[in-house]
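[1] Here is my input, please return the structure:
(2 chains, ligands or ions: 2)
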Amino acid sequence: MSVIVFAETRDQQYKKSTLEAVSYGKEVAQKTGGKVIAVSMGSAADPSILGNYGADEAVTLHGTEFSAFSPEVYAAGFAEVCKAHGGKTIIISNTYSGKSMAGRVAVLLQAALATNVVDYPDTSSGFRVKRGVFSGKAFAYVNMQSDVKVIAITPNSVEIKTYGGSAAVSAHQPSGLPSSSSRIESTQTVSGKVPLTEAEIVVSAGRGMKGPENWHMVEELATALGAATACSKPVSDMHWRPHSEHVGQTGITIKPNLYIAIGISGAIQHLAGVSSSKVIVVINKDAEAPFFKAADYGIVGDAFEVLPKLIQAAKATAAS
Amino acid sequence: MKVLVCMSVVPDTTTKITFTDNDTSFNAQGVQFIMNPYDELALTKALDIAEPSGGTVTILHVGPADAEPAIRKALSMGATDAVRINAVPTDSQFVAEQIASYAKDKGFDFILTGRESIDYNGGAVCGLLGALLNIPSVNVITQLNISGQTASIERDIDGGRETLSCSLPFVASAQKDLCEPRIPNMRGIMAARTKPLQVVEPATSQNHVAYSRFELPQPKQGVRMISAENPEELLHLLRNEAKVI
Ligand SMILES: Cc1cc2nc3c(=O)[nH]c(=O)nc-3n(C[C@H](O)[C@H](O)[C@H](O)COP(=O)(O)OP(=O)(O)OC[C@H]3O[C@@H](n4cnc5c(N)ncnc54)[C@H](O)[C@@H]3O)c2cc1C
Ligand SMILES: Nc1ncnc2c1ncn2[C@@H]1O[C@H](COP(=O)(O)O)[C@@H](O)[C@H]1O
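    Ligands and ions are numbered 1, 2, ... in the order given. Now for the predicted structure:
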């Protein structure tokens, strides 16, 4: 019986969400017993470091099959390791890649599946997890009733804990991989930038910015704070910004530590996607904007006057 | 060309979410239910691909009879026919098992779902279906073109985009940017009235999860206002009080 964690990498490094998932796995193992085994696939990152975050062992899968991400192949390889090590609780990050594997892994292991999980499980009677539903408008408690459980944990939901030490590394030779029916032709990543779903700080702006030519201010503030950028739906609909920045009920749901909303009115569909943020700052020239009701800090003012000052102050803070 | 599009029916996006029976069930009173927005994209794309070659697009919903207005909407957008599996959709796994058991011997060239249902946000049906039917699954796609037995697809990945090719049959989930949703026209609405809607009884399947209770987020304590003249104050508070920068 063990806890198995999928250790996702980007640019040959473990993602922050992976460290969270390993810490989550450790916490589960402390309740249910068993070892924590982190599984890395097709990556050159050093798996032994995952020991510091709670992994007892690290298993690697290498080979050309894993050189590009394929949900079919990755899920099959990962499920094989889960079976070989008696995995009962399986932890995957609720990222795009994680989520596209999670369902396949659940089928292969005949497991119960919960995605979008935002907290540690309650194991006092049975196995109950808390997940986000209605796009951030509510939470649900779900009992996972199968022997094996697959949990996709939302980034920024739990803290990374460190334990010292390093994990014992071993390689797994997969035997029953399907041949992939898909082939990746090309990949375009915005390198050096934190993906929105994993960012701890997000600077977001709406129609109040008037036009795409003014976004340099949003980006400058984001850069000074080490933040990712986001926007409201009309902004991406008008192609001022790429759709991948659109947050809300029909966009991405995020839960950063800090969400700064500039020139966004705070419609219910927008709030749905961002209201789980720990701290919300609203900058709007209209004191009656509904967003202020959902905010922790607010500034009533014209973005075109407030932003330059704020950028300057943020740069000064960053430099100090 | 024979395409299947899976549709969930969800509370309208303006719905204020509340719960009843001691927070054990969603309060549907006065709530308007709509076709899941991502499924509108899936259906539109399927129609754009199938129509020119005289293909068919079947719309499938797992749910009770009250979903029929939403199913008619899908038919009025252009779906050829509809199937409703007559069961309460308790969770993504149950739904995927029902869809797979219906679709397994029907010879669909490809299946589209939405990226996620905006009610329970599973984002899981696509991958589950792929594994259950033993076909490739591609999540969050933003472009789809079919030529012969190959699909060329663009999908969102964490922090970027990826172009891939994939052999038919496959299942993919629609993400925003795939297309603009079709708006039904008068002719479509008239035609939808007489299009076939088949009701199928569910296959037996076992529930892996059970929803026990719901909870609303903690309300905010109230907003602390800061003068527009003094944004340094904001940064000071974020650093020393909220401790988030
Ligand atoms: C089915 C459906 C789904 C939707 N899904 C989403 C979603 O996922 N995400 C989303 O964001 N929206 C969504 N919406 C749209 C949503 O209802 C709102 O229309 C949208 O969020 C408004 O965007 P906004 O706040 O940028 O623009 P507006 O509502 O136009 O607000 C602009 C704000 O900027 C302020 N402002 C103007 N000038 C300045 C200035 N110089 N300085 C400071 N402030 C200024 C104004 O006071 C105003 O509050 C959805 C709508 C529907 C119908
Ligand atoms: N009850 C249902 N009937 C048919 N298709 C569904 C149902 N629920 C979800 N789906 C499909 O699966 C997608 C993702 O749903 P989910 O995994 O539940 O978030 C939706 O966009 C639909 O395409």
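
[2] Quick one: residues contacting residue A:290.
    With contact set as CB atoms under 8 Å, 6 or more residues apart in numbering or on different chains, residue A:290 has these partners: A:265, A:266, A:267. (Each C-beta comes from the backbone N, C-alpha and C, glycine too.)

[3] Using neighbour counts, trim those residues to the buried set.
    Neighbour counting with 16 or more other CB atoms under 10 Å in any protein chain shown marks A:265, A:266, A:267 as buried within the contacts of residue A:290.

[4] Could I get the contacting residues of the closest residue to chain B within the stretch 51-200 of chain A?
    Using CB to the nearest CB, the single residue of the stretch 51-200 of chain A nearest to chain B is residue A:103, 2.8 Å away. For residue A:103, the set of contacting residues under the criterion of CB under 8 Å, 6+ apart consists of A:113, B:92, B:96, B:124, B:125, B:126, B:127, B:128, B:129, B:130, B:131, B:137.

[5] can I get the residues you listed in CSV with pLDDT and neighbour count?
    What follows is the contacts of residue A:103, written out as CSV (pLDDT from 0 to 100; neighbours: other CB atoms under 10 Å in any protein chain shown):
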residue, pLDDT, neighbour count
A:113, 98, 30
B:92, 96, 28
B:96, 98, 30
B:124, 98, 31
B:125, 98, 29
B:126, 98, 33
B:127, 98, 32
B:128, 98, 27
B:129, 98, 28
B:130, 98, 28
B:131, 97, 24
B:137, 97, 29
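
[6] Now flag whichever of those is closest to residue B:158.
    Minimum distance to residue B:158 across the contacts of residue A:103 is 15.7 Å, recorded for residue B:127 (CB to CB).

[7] Identify the residue nearest the closest one in space, chain neighbours excluded?
    Distances taken as CB to CB, 6 or more residues apart in numbering or on different chains place residue A:103 nearest to residue B:127, at 2.8 Å, with adjacent residues excluded.

[8] Just confirm the one you found is within a strand.
    No: per DSSP: H, G, I helix; E, B strand; the rest coil, residue A:103 lies outside any strand segment and is helix.

[9] what separates it from ligand 1, distance-wise?
    Here residue A:103 is placed at a distance of 24 Å from ligand 1 (CB to the nearest ligand atom, to the nearest Å).

[10] for residue B:158, same thing?
    According to CB to the nearest ligand atom, residue B:158 stands 19 Å off from ligand 1.

[11] count of neighbours near that residue?
    Using other CB atoms under 10 Å in any protein chain shown, the number of residues around residue B:158 comes to 20.

[12] Helices of the stretch 1-150 of chain A, start to end?
    Assigned by DSSP state H, counting those that start in this stretch, the stretch 1-150 of chain A shows helices spanning A:16-32, A:71-84, A:96-108.

[13] can you list the residues of chain B near ligand 1?
    If contact is defined as CB under 6 Å from any ligand atom, the residues of chain B in contact with ligand 1 are B:13, B:37.

[14] Can you find which strand in chain B contains the most residues?
    Looking across chain B with DSSP state E, the single longest strand is strand B:137-147.

[15] That one: how far from the chain's middle?
    Here the centre of strand B:137-147 is set off from its chain's centre by 15 Å, with CA atoms, centre = their mean, to the nearest Å.

[16] the bottom helix or strand of chain A by mean pLDDT?
    Sorted by mean pLDDT, DSSP states H and E, the helices and strands of chain A end with strand A:182-189, the least confident at a mean of 84.

[17] and that strand with strand B:137-147, angle?
    Inter-element angle recorded for strand A:182-189 and strand B:137-147: 100 degrees (by axes from the mean of the first three to the mean of the last three CA atoms, to 10 degrees).

[18] same for the following helix or strand past strand A:182-189, what does it pack against?
    Counting by DSSP states H and E, the element after strand A:182-189 in chain order, helix or strand, is strand A:201-205. In terms of contact count using 3 or more CB pairs under 8 Å, 6 or more residues apart in numbering or on different chains; DSSP states H and E, strand A:201-205 is assigned the packing partners helix A:215-225, strand A:228-231, strand A:258-262.

[19] does strand A:201-205 come close to ligand 1?
    No: if you take CB under 6 Å from any ligand atom as the test, strand A:201-205 misses ligand 1, and the best it gets is 7.6 Å.

[20] does residue B:10 really touch residue B:38, like I thought?
    No: counting by CB atoms under 8 Å, residue B:10 sits too far from residue B:38 to count as a contact (9.7 Å).

[21] Common neighbours of those two, please.
    Jointly contacting residue B:10 and residue B:38 under the rule CB under 8 Å, 6+ apart are B:117, B:118.

[22] what angle do the longest strand of chain B and helix A:96-108 make?
    For strand B:137-147 against helix A:96-108, the angle by the same axes, to 10 degrees is 100 degrees.

[23] Restricting to C-alpha, output strand B:137-147 in CSV.
    Taking Å, rounded to 0.1, in the frame of the first residue of the first chain, the C-alpha atoms of strand B:137-147 are listed here in CSV:
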residue,chain,number,x,y,z
SER,B,137,-8.0,11.6,-25.9
VAL,B,138,-6.9,15.2,-26.5
ASN,B,139,-7.9,17.7,-23.9
VAL,B,140,-8.5,21.5,-24.3
ILE,B,141,-8.3,21.8,-28.1
THR,B,142,-8.4,25.2,-29.8
GLN,B,143,-8.2,23.9,-33.4
LEU,B,144,-9.4,20.9,-35.2
ASN,B,145,-9.1,19.9,-38.9
ILE,B,146,-9.8,16.4,-40.3
SER,B,147,-8.3,15.1,-43.5
